[in-house]
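Peer 1: Structure for this input, please:
(chains A and B)
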Amino acid sequence: MRTSLRELPADELQGRLVTGLKLRIGPFVVCLQGRDPLLAGCLAQHYPDYPLAPVDSFTDARLSLRDQAWWARLLGRPREICLEDEVPFTDFPVNALLAHIEWSLNWCVATRANQYLMLHGGALARDEGAMIMPGVPGAGKSTLTAFLMHRGWRLFSDEFALLKPGSLDLQAFPRLIPLKNDAIEVIQAAVPEAAFGPQIPGTRKGRVSHLRPLAEHLRRMDEGARPKLVVFPSYKPGVNTTLTEMARSEAFAELTNNAFNYVLLGRLAFEMLAELTDAVRCYRLSYSQLDDANQQLQALLRESAV
Amino acid sequence: MTNPMLNCRWIADPAAGLLWRSWGDAHFAFDPRSGQTHFLNSVAVEVFHLLDGEGRSAADIYRALLERYAIDDDDALQSAIETSLTVLDRLGIVMTRPA
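Peer 2: Sure thing, here's the model as predicted:
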(Lines give C-alpha, C1' and ligand atoms only; values in the text may rest on other atoms or scores of the structure.)
Protein backbone atom coordinates (compact mmCIF):
# COMPACT_ATOMS: atom_id res chain seq x y z
CA MET A 1 0.00 0.00 0.00
CA ARG A 2 1.37 3.37 -0.98
CA THR A 3 1.56 5.80 1.88
CA SER A 4 3.02 9.00 0.47
CA LEU A 5 2.75 10.90 -2.76
CA ARG A 6 6.40 10.10 -3.49
CA GLU A 7 5.51 6.44 -3.95
CA LEU A 8 3.03 7.08 -6.76
CA PRO A 9 4.45 6.47 -10.25
CA ALA A 10 3.98 9.49 -12.51
CA ASP A 11 1.24 7.88 -14.60
CA GLU A 12 -0.71 6.81 -11.53
CA LEU A 13 -0.42 10.28 -10.02
CA GLN A 14 -1.71 11.81 -13.24
CA GLY A 15 -4.54 9.28 -13.33
CA ARG A 16 -5.62 9.92 -9.76
CA LEU A 17 -5.64 13.66 -10.33
CA VAL A 18 -8.32 13.27 -12.97
CA THR A 19 -10.87 12.25 -10.35
CA GLY A 20 -9.15 13.71 -7.32
CA LEU A 21 -6.06 12.91 -5.29
CA LYS A 22 -6.51 13.06 -1.53
CA LEU A 23 -3.60 14.17 0.62
CA ARG A 24 -3.42 14.47 4.40
CA ILE A 25 -2.07 17.84 5.38
CA GLY A 26 -2.03 17.99 9.14
CA PRO A 27 -5.53 17.10 10.39
CA PHE A 28 -7.15 17.93 7.06
CA VAL A 29 -7.78 15.91 3.93
CA VAL A 30 -7.30 17.97 0.80
CA CYS A 31 -8.54 16.73 -2.54
CA LEU A 32 -6.64 18.06 -5.55
CA GLN A 33 -8.05 17.61 -9.00
CA GLY A 34 -6.99 18.55 -12.53
CA ARG A 35 -5.93 17.00 -15.82
CA ASP A 36 -3.13 19.50 -16.41
CA PRO A 37 0.29 17.78 -16.18
CA LEU A 38 1.46 21.01 -14.57
CA LEU A 39 -0.44 20.04 -11.42
CA ALA A 40 1.05 16.56 -11.27
CA GLY A 41 4.52 17.97 -11.71
CA CYS A 42 4.00 20.59 -9.03
CA LEU A 43 2.72 18.08 -6.50
CA ALA A 44 5.44 15.52 -7.23
CA GLN A 45 8.12 18.12 -6.80
CA HIS A 46 6.87 20.04 -3.78
CA TYR A 47 4.60 17.68 -1.82
CA PRO A 48 6.37 14.31 -2.15
CA ASP A 49 6.35 13.40 1.54
CA TYR A 50 2.73 14.20 2.32
CA PRO A 51 0.75 11.06 3.15
CA LEU A 52 -2.01 9.86 0.87
CA ALA A 53 -5.48 9.78 2.38
CA PRO A 54 -7.83 6.87 1.73
CA VAL A 55 -9.94 7.49 -1.35
CA ASP A 56 -13.16 7.27 0.68
CA SER A 57 -12.06 9.72 3.38
CA PHE A 58 -13.99 12.89 4.09
CA THR A 59 -12.60 15.86 2.21
CA ASP A 60 -12.04 19.09 4.12
CA ALA A 61 -11.08 21.11 1.06
CA ARG A 62 -11.26 20.47 -2.65
CA LEU A 63 -9.09 22.40 -5.11
CA SER A 64 -9.48 21.96 -8.85
CA LEU A 65 -7.07 23.34 -11.42
CA ARG A 66 -8.78 24.52 -14.58
CA ASP A 67 -7.92 26.26 -17.83
CA GLN A 68 -9.20 29.79 -17.99
CA ALA A 69 -11.29 31.22 -20.81
CA TRP A 70 -9.44 32.51 -23.86
CA TRP A 71 -9.63 36.15 -22.80
CA ALA A 72 -8.01 35.40 -19.45
CA ARG A 73 -5.24 33.56 -21.27
CA LEU A 74 -4.62 36.67 -23.30
CA LEU A 75 -4.21 38.56 -20.02
CA GLY A 76 -1.47 36.16 -18.94
CA ARG A 77 -3.55 34.35 -16.32
CA PRO A 78 -4.34 31.09 -18.10
CA ARG A 79 -5.09 28.89 -15.07
CA GLU A 80 -7.56 29.11 -12.24
CA ILE A 81 -8.21 27.17 -9.06
CA CYS A 82 -11.79 26.38 -8.20
CA LEU A 83 -13.05 25.30 -4.82
CA GLU A 84 -16.09 23.14 -4.14
CA ASP A 85 -19.04 23.60 -6.46
CA GLU A 86 -16.65 24.75 -9.19
CA VAL A 87 -16.51 28.22 -7.70
CA PRO A 88 -13.51 30.06 -9.20
CA PHE A 89 -11.26 31.24 -6.38
CA THR A 90 -8.09 32.57 -7.96
CA ASP A 91 -6.49 32.86 -11.40
CA PHE A 92 -2.80 33.16 -12.12
CA PRO A 93 0.08 32.73 -14.56
CA VAL A 94 1.40 29.17 -14.83
CA ASN A 95 4.60 29.91 -12.92
CA ALA A 96 2.58 30.85 -9.84
CA LEU A 97 0.68 27.57 -9.43
CA LEU A 98 2.41 26.51 -6.23
CA ALA A 99 1.73 29.83 -4.51
CA HIS A 100 -1.93 29.72 -5.48
CA ILE A 101 -2.40 26.15 -4.27
CA GLU A 102 -1.00 27.22 -0.91
CA TRP A 103 -3.05 30.41 -0.72
CA SER A 104 -6.22 28.58 -1.70
CA LEU A 105 -5.58 26.07 1.04
CA ASN A 106 -4.93 28.88 3.52
CA TRP A 107 -8.29 30.37 2.67
CA CYS A 108 -10.08 27.05 3.10
CA VAL A 109 -8.52 26.47 6.50
CA ALA A 110 -8.92 30.03 7.76
CA THR A 111 -12.61 30.09 6.90
CA ARG A 112 -13.59 26.54 7.84
CA ALA A 113 -11.38 24.95 10.47
CA ASN A 114 -13.35 26.32 13.39
CA GLN A 115 -13.01 23.09 15.33
CA TYR A 116 -9.68 24.69 16.33
CA LEU A 117 -8.77 28.02 17.79
CA MET A 118 -6.57 29.39 15.02
CA LEU A 119 -3.78 31.77 15.90
CA HIS A 120 -1.97 33.58 13.12
CA GLY A 121 1.57 32.54 13.75
CA GLY A 122 4.30 29.99 13.57
CA ALA A 123 4.46 27.03 15.90
CA LEU A 124 7.35 24.69 16.56
CA ALA A 125 8.24 22.14 19.21
CA ARG A 126 11.19 20.44 20.82
CA ASP A 127 11.16 17.65 23.38
CA GLU A 128 10.55 20.18 26.18
CA GLY A 129 7.35 21.53 24.62
CA ALA A 130 6.04 23.88 22.00
CA MET A 131 6.45 27.54 21.18
CA ILE A 132 3.87 29.69 19.42
CA MET A 133 5.14 32.71 17.50
CA PRO A 134 2.26 35.03 16.65
CA GLY A 135 3.05 37.98 14.49
CA VAL A 136 1.83 40.44 11.96
CA PRO A 137 3.00 40.03 8.36
CA GLY A 138 6.57 41.25 8.05
CA ALA A 139 7.52 40.52 11.66
CA GLY A 140 9.98 37.86 10.54
CA LYS A 141 8.10 34.86 11.87
CA SER A 142 8.29 32.83 8.65
CA THR A 143 12.03 33.41 8.32
CA LEU A 144 12.65 32.41 11.91
CA THR A 145 10.28 29.44 11.64
CA ALA A 146 12.10 28.24 8.51
CA PHE A 147 15.47 28.51 10.22
CA LEU A 148 14.37 26.82 13.45
CA MET A 149 12.84 23.95 11.46
CA HIS A 150 16.36 23.16 10.28
CA ARG A 151 17.85 23.47 13.77
CA GLY A 152 16.08 20.71 15.63
CA TRP A 153 12.68 22.30 16.13
CA ARG A 154 9.75 20.32 14.75
CA LEU A 155 7.53 22.35 12.43
CA PHE A 156 3.90 22.59 13.49
CA SER A 157 3.00 25.53 11.29
CA ASP A 158 4.29 28.66 9.75
CA GLU A 159 0.94 30.40 9.53
CA PHE A 160 -1.74 28.62 11.57
CA ALA A 161 -1.12 27.63 15.16
CA LEU A 162 -4.08 25.29 15.76
CA LEU A 163 -5.17 24.83 19.37
CA LYS A 164 -7.54 22.03 20.29
CA PRO A 165 -10.53 22.94 22.43
CA GLY A 166 -10.72 20.85 25.57
CA SER A 167 -6.97 20.92 25.95
CA LEU A 168 -4.26 23.37 25.13
CA ASP A 169 -2.54 20.95 22.79
CA LEU A 170 -1.24 22.23 19.50
CA GLN A 171 -2.21 20.34 16.40
CA ALA A 172 0.59 20.03 13.85
CA PHE A 173 -0.23 21.48 10.45
CA PRO A 174 3.11 21.41 8.63
CA ARG A 175 3.00 23.18 5.30
CA LEU A 176 5.38 24.66 2.81
CA ILE A 177 6.78 27.90 4.22
CA PRO A 178 6.39 30.86 1.88
CA LEU A 179 9.47 33.05 2.19
CA LYS A 180 9.33 36.48 0.70
CA ASN A 181 11.84 38.77 -0.92
CA ASP A 182 15.18 39.02 0.94
CA ALA A 183 14.21 36.27 3.39
CA ILE A 184 14.69 33.76 0.55
CA GLU A 185 18.40 34.52 0.26
CA VAL A 186 18.77 34.73 4.05
CA ILE A 187 17.56 31.16 4.49
CA GLN A 188 19.37 29.88 1.40
CA ALA A 189 22.62 31.18 2.89
CA ALA A 190 21.92 29.95 6.41
CA VAL A 191 20.51 26.56 5.40
CA PRO A 192 22.10 25.46 2.11
CA GLU A 193 20.34 22.09 2.29
CA ALA A 194 16.88 23.70 2.41
CA ALA A 195 14.58 22.49 -0.39
CA PHE A 196 13.08 25.52 -2.11
CA GLY A 197 10.44 25.72 -4.78
CA PRO A 198 10.73 28.11 -7.72
CA GLN A 199 10.95 31.82 -7.14
CA ILE A 200 7.69 33.45 -8.12
CA PRO A 201 8.08 37.17 -8.82
CA GLY A 202 5.40 39.80 -8.85
CA THR A 203 2.89 38.27 -6.44
CA ARG A 204 0.85 40.51 -4.15
CA LYS A 205 3.42 39.67 -1.48
CA GLY A 206 6.39 40.38 -3.72
CA ARG A 207 8.85 37.66 -4.70
CA VAL A 208 7.93 34.36 -3.06
CA SER A 209 9.61 31.00 -2.79
CA HIS A 210 8.26 28.05 -0.83
CA LEU A 211 10.39 25.99 1.49
CA ARG A 212 9.49 22.33 1.79
CA PRO A 213 8.86 20.97 5.29
CA LEU A 214 11.13 18.16 6.45
CA ALA A 215 9.85 14.64 5.76
CA GLU A 216 10.36 13.64 9.38
CA HIS A 217 8.04 16.45 10.49
CA LEU A 218 5.35 15.23 8.11
CA ARG A 219 5.69 11.70 9.45
CA ARG A 220 5.10 13.04 12.96
CA MET A 221 2.24 15.39 12.14
CA ASP A 222 -0.24 13.45 14.28
CA GLU A 223 1.85 14.13 17.39
CA GLY A 224 0.60 17.15 19.29
CA ALA A 225 2.53 19.21 21.81
CA ARG A 226 1.76 21.39 24.79
CA PRO A 227 2.76 25.08 24.41
CA LYS A 228 5.27 26.37 26.93
CA LEU A 229 6.17 29.65 25.30
CA VAL A 230 4.46 32.38 23.33
CA VAL A 231 7.00 34.60 21.60
CA PHE A 232 6.15 37.66 19.52
CA PRO A 233 9.09 38.01 17.12
CA SER A 234 10.27 41.18 15.48
CA TYR A 235 13.11 41.23 12.99
CA LYS A 236 15.13 44.43 13.22
CA PRO A 237 18.29 44.75 11.13
CA GLY A 238 21.45 44.99 13.21
CA VAL A 239 19.95 44.54 16.67
CA ASN A 240 21.25 42.15 19.29
CA THR A 241 18.89 39.39 20.27
CA THR A 242 16.71 40.43 23.18
CA LEU A 243 13.92 38.55 24.88
CA THR A 244 11.67 40.66 27.07
CA GLU A 245 9.06 39.02 29.24
CA MET A 246 5.59 40.44 28.70
CA ALA A 247 2.88 41.06 31.26
CA ARG A 248 0.27 38.36 30.90
CA SER A 249 -2.42 40.97 30.35
CA GLU A 250 -0.48 42.44 27.45
CA ALA A 251 0.08 39.01 25.91
CA PHE A 252 -3.58 38.09 26.32
CA ALA A 253 -4.70 41.29 24.61
CA GLU A 254 -2.38 40.61 21.67
CA LEU A 255 -3.49 37.01 21.39
CA THR A 256 -7.14 38.00 21.20
CA ASN A 257 -6.27 40.24 18.26
CA ASN A 258 -4.24 37.49 16.66
CA ALA A 259 -6.76 34.68 16.48
CA PHE A 260 -8.45 34.25 13.10
CA ASN A 261 -11.68 32.95 14.61
CA TYR A 262 -11.75 34.62 18.03
CA VAL A 263 -15.07 36.37 17.55
CA LEU A 264 -16.63 33.34 15.90
CA LEU A 265 -15.68 30.99 18.76
CA GLY A 266 -16.63 33.63 21.31
CA ARG A 267 -16.69 32.38 24.88
CA LEU A 268 -14.64 29.29 24.03
CA ALA A 269 -11.88 31.38 22.47
CA PHE A 270 -11.82 33.80 25.41
CA GLU A 271 -11.50 30.96 27.89
CA MET A 272 -8.90 29.09 25.82
CA LEU A 273 -6.70 32.14 25.38
CA ALA A 274 -6.97 33.00 29.06
CA GLU A 275 -5.96 29.46 29.93
CA LEU A 276 -3.11 29.58 27.43
CA THR A 277 -1.92 32.90 28.84
CA ASP A 278 -1.82 31.40 32.33
CA ALA A 279 -0.04 28.26 31.17
CA VAL A 280 2.86 29.75 29.20
CA ARG A 281 5.51 32.40 29.51
CA CYS A 282 5.21 35.24 27.03
CA TYR A 283 8.03 37.23 25.49
CA ARG A 284 8.86 39.76 22.85
CA LEU A 285 11.83 38.78 20.73
CA SER A 286 13.90 41.30 18.79
CA TYR A 287 16.44 39.66 16.55
CA SER A 288 18.63 40.02 13.55
CA GLN A 289 20.89 36.97 13.95
CA LEU A 290 19.07 33.69 13.41
CA ASP A 291 21.65 31.52 15.21
CA ASP A 292 21.64 33.70 18.27
CA ALA A 293 17.84 33.80 18.36
CA ASN A 294 17.75 30.01 18.12
CA GLN A 295 20.17 29.56 21.02
CA GLN A 296 18.30 31.96 23.27
CA LEU A 297 14.93 30.44 22.41
CA GLN A 298 16.22 26.94 23.12
CA ALA A 299 17.54 28.07 26.50
CA LEU A 300 14.27 29.78 27.30
CA LEU A 301 12.24 26.73 26.36
CA ARG A 302 14.38 24.49 28.58
CA GLU A 303 13.93 26.92 31.44
CA SER A 304 10.18 27.20 30.86
CA ALA A 305 9.73 23.45 30.79
CA VAL A 306 11.11 22.96 34.30
CA MET B 1 -20.91 66.11 38.98
CA THR B 2 -21.94 68.19 35.98
CA ASN B 3 -22.74 65.51 33.44
CA PRO B 4 -26.53 65.00 33.36
CA MET B 5 -26.03 61.31 32.68
CA LEU B 6 -24.54 61.05 36.12
CA ASN B 7 -27.74 62.15 37.85
CA CYS B 8 -29.52 58.90 37.09
CA ARG B 9 -29.25 55.48 38.67
CA TRP B 10 -26.93 53.02 37.01
CA ILE B 11 -27.39 49.29 36.89
CA ALA B 12 -25.29 46.53 35.37
CA ASP B 13 -27.08 45.03 32.38
CA PRO B 14 -28.26 41.68 33.76
CA ALA B 15 -28.37 40.26 30.24
CA ALA B 16 -24.71 40.95 29.58
CA GLY B 17 -23.49 37.66 31.07
CA LEU B 18 -19.89 38.85 31.05
CA LEU B 19 -16.93 36.53 31.52
CA TRP B 20 -14.04 37.99 33.46
CA ARG B 21 -10.28 37.43 33.57
CA SER B 22 -7.81 39.58 35.44
CA TRP B 23 -4.06 39.83 35.62
CA GLY B 24 -2.94 42.37 38.19
CA ASP B 25 -4.63 45.68 37.48
CA ALA B 26 -5.68 44.66 33.99
CA HIS B 27 -9.17 43.25 33.64
CA PHE B 28 -10.85 41.75 30.61
CA ALA B 29 -14.58 41.28 30.20
CA PHE B 30 -15.93 39.14 27.38
CA ASP B 31 -19.41 40.06 26.23
CA PRO B 32 -20.98 36.97 24.63
CA ARG B 33 -23.70 39.06 23.02
CA SER B 34 -21.31 41.08 20.88
CA GLY B 35 -18.29 38.77 20.88
CA GLN B 36 -16.22 41.73 22.01
CA THR B 37 -13.59 41.69 24.70
CA HIS B 38 -13.28 44.83 26.80
CA PHE B 39 -10.14 45.92 28.58
CA LEU B 40 -10.94 47.72 31.83
CA ASN B 41 -8.95 49.23 34.64
CA SER B 42 -9.55 48.47 38.30
CA VAL B 43 -11.77 51.49 38.96
CA ALA B 44 -14.11 50.60 36.11
CA VAL B 45 -14.36 47.03 37.35
CA GLU B 46 -15.12 48.15 40.90
CA VAL B 47 -17.74 50.54 39.62
CA PHE B 48 -19.31 47.83 37.48
CA HIS B 49 -19.53 45.39 40.35
CA LEU B 50 -21.24 48.00 42.51
CA LEU B 51 -24.05 48.28 39.97
CA ASP B 52 -25.87 45.07 40.65
CA GLY B 53 -29.26 44.89 42.36
CA GLU B 54 -31.13 48.18 42.50
CA GLY B 55 -28.36 50.16 40.91
CA ARG B 56 -26.68 53.28 42.21
CA SER B 57 -26.16 56.89 41.30
CA ALA B 58 -22.67 58.19 40.68
CA ALA B 59 -22.81 59.83 44.08
CA ASP B 60 -23.72 56.47 45.67
CA ILE B 61 -20.77 54.84 43.98
CA TYR B 62 -18.47 57.59 45.12
CA ARG B 63 -19.60 57.24 48.74
CA ALA B 64 -19.31 53.45 48.59
CA LEU B 65 -15.74 53.61 47.36
CA LEU B 66 -14.77 56.28 49.90
CA GLU B 67 -16.12 54.02 52.61
CA ARG B 68 -14.55 50.84 51.22
CA TYR B 69 -11.09 52.38 51.13
CA ALA B 70 -11.56 54.60 54.19
CA ILE B 71 -10.45 57.73 52.38
CA ASP B 72 -11.54 61.35 52.48
CA ASP B 73 -12.94 63.30 49.57
CA ASP B 74 -10.95 62.64 46.45
CA ASP B 75 -11.55 64.62 43.26
CA ALA B 76 -9.52 62.17 41.21
CA LEU B 77 -11.74 59.30 42.31
CA GLN B 78 -14.85 61.27 41.48
CA SER B 79 -13.51 61.97 38.03
CA ALA B 80 -12.48 58.32 37.55
CA ILE B 81 -16.02 57.19 38.43
CA GLU B 82 -17.51 59.57 35.87
CA THR B 83 -15.12 58.33 33.23
CA SER B 84 -15.81 54.72 34.13
CA LEU B 85 -19.58 55.16 33.87
CA THR B 86 -19.20 56.82 30.50
CA VAL B 87 -17.00 53.97 29.26
CA LEU B 88 -19.24 51.22 30.67
CA ASP B 89 -22.23 52.90 29.09
CA ARG B 90 -20.49 53.14 25.73
CA LEU B 91 -19.64 49.44 25.93
CA GLY B 92 -23.31 48.66 26.47
CA ILE B 93 -22.84 46.72 29.67
CA VAL B 94 -24.65 49.11 32.02
CA MET B 95 -28.07 50.72 31.86
CA THR B 96 -29.65 53.79 33.41
CA ARG B 97 -32.82 54.17 35.41
CA PRO B 98 -34.48 57.43 36.39
CA ALA B 99 -33.14 58.68 39.69
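Peer 1: what ranges do the helices span in the chain?
Peer 2: As the question left the chain open, I've gone with chain A. Applying DSSP state H to chain A gives helices spanning A:10-19, A:37-46, A:70-74, A:97-112, A:141-149, A:182-190, A:215-219, A:248-258, A:262-265, A:267-279, A:290-305.
Peer 1: not quite, I wanted chain B
Peer 2: B:42-49, B:58-68, B:75-90.
Peer 1: Let me have the ones you listed in CSV, adding distance to chain A and mean neighbour count as columns.
Peer 2: To be clear about C-beta, it is placed using only N, CA and C from the backbone, and glycine gets the same treatment. Output for those, formatted as CSV (distance: least, C-beta to the nearest C-beta, whole Å; neighbours: other C-beta atoms under 10 Å in any protein chain shown):
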stretch, distance to chain A, mean neighbour count
helix B:42-49, 12, 20
helix B:58-68, 23, 16
helix B:75-90, 16, 17
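Peer 1: okay, the ones you listed in CSV with mean pLDDT and distance to A:Thr3 next?
Peer 2: Below are the helices of chain B laid out as CSV (pLDDT from 0 to 100; distance: least, C-beta to C-beta, whole Å):
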stretch, mean pLDDT, distance to A:Thr3
helix B:42-49, 95, 55
helix B:58-68, 93, 67
helix B:75-90, 94, 58
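Peer 1: Just tell me which of those helices ends up closest to A:Arg16.
Peer 2: Nearest to A:Arg16, of all the helices of chain B, is helix B:75-90, at 57.6 Å by C-beta to C-beta.
Peer 1: Now do that closest one against helix B:58-68: the angle between them, please.
Peer 2: 130 degrees (axes from the mean of the first three to the mean of the last three C-alpha atoms, to 10 degrees).
Peer 1: what's helix B:75-90 in contact with?
Peer 2: Outside of helix B:75-90, the residues within contact range by C-beta atoms under 8 Å, 6 or more residues apart in numbering or on different chains are B:1, B:3, B:5-6, B:10, B:40-41, B:43-44, B:47-48, B:51, B:58, B:61-62, B:65-66, B:71, B:94, B:96.
Peer 1: So which bits of stretch A:193-205 are buried?
Peer 2: For stretch A:193-205, the neighbour count (16 or more other C-beta atoms under 10 Å in any protein chain shown) marks A:Ala194, A:Phe196, A:Gly197, A:Pro198, A:Ile200, A:Thr203 as buried.
Peer 1: Other residues contacting that stretch?
Peer 2: Under C-beta under 8 Å, 6+ apart, the answer for stretch A:193-205 is A:45-46, A:95-96, A:98-99, A:137, A:146, A:150, A:176, A:178-180, A:184, A:187-188, A:207-212.
Peer 1: Name the residue of chain A that lies nearest to chain B.
Peer 2: Residue nearest to chain B within chain A: A:Ser249 (3.3 Å; C-beta to the nearest C-beta).
Peer 1: Count residues in the vicinity of the closest residue to that residue other than its chain neighbours, would you?
Peer 2: Using C-beta to C-beta, 6 or more residues apart in numbering or on different chains and skipping residues adjacent in sequence, the residue nearest A:Ser249 is B:Ala26, 3.3 Å away. By other C-beta atoms under 10 Å in any protein chain shown, 18 other residues sit near B:Ala26.
Peer 1: now A:Glu245
Peer 2: For A:Glu245, the neighbour count with other C-beta under 10 Å is 11.
Peer 1: and what of the one 4 residues further on?
Peer 2: Burial of A:Ser249 is recorded as 18 neighbouring residues (other C-beta under 10 Å).
Peer 1: Repeat that for A:Phe270.
Peer 2: Residues lying near A:Phe270 (other C-beta under 10 Å) number 24.
Peer 1: Thought B:Leu19 was touching it, still the case?
Peer 2: Yes. Checked against C-beta atoms under 8 Å, the pair A:Phe270 and B:Leu19 is within contact range at 5.8 Å.
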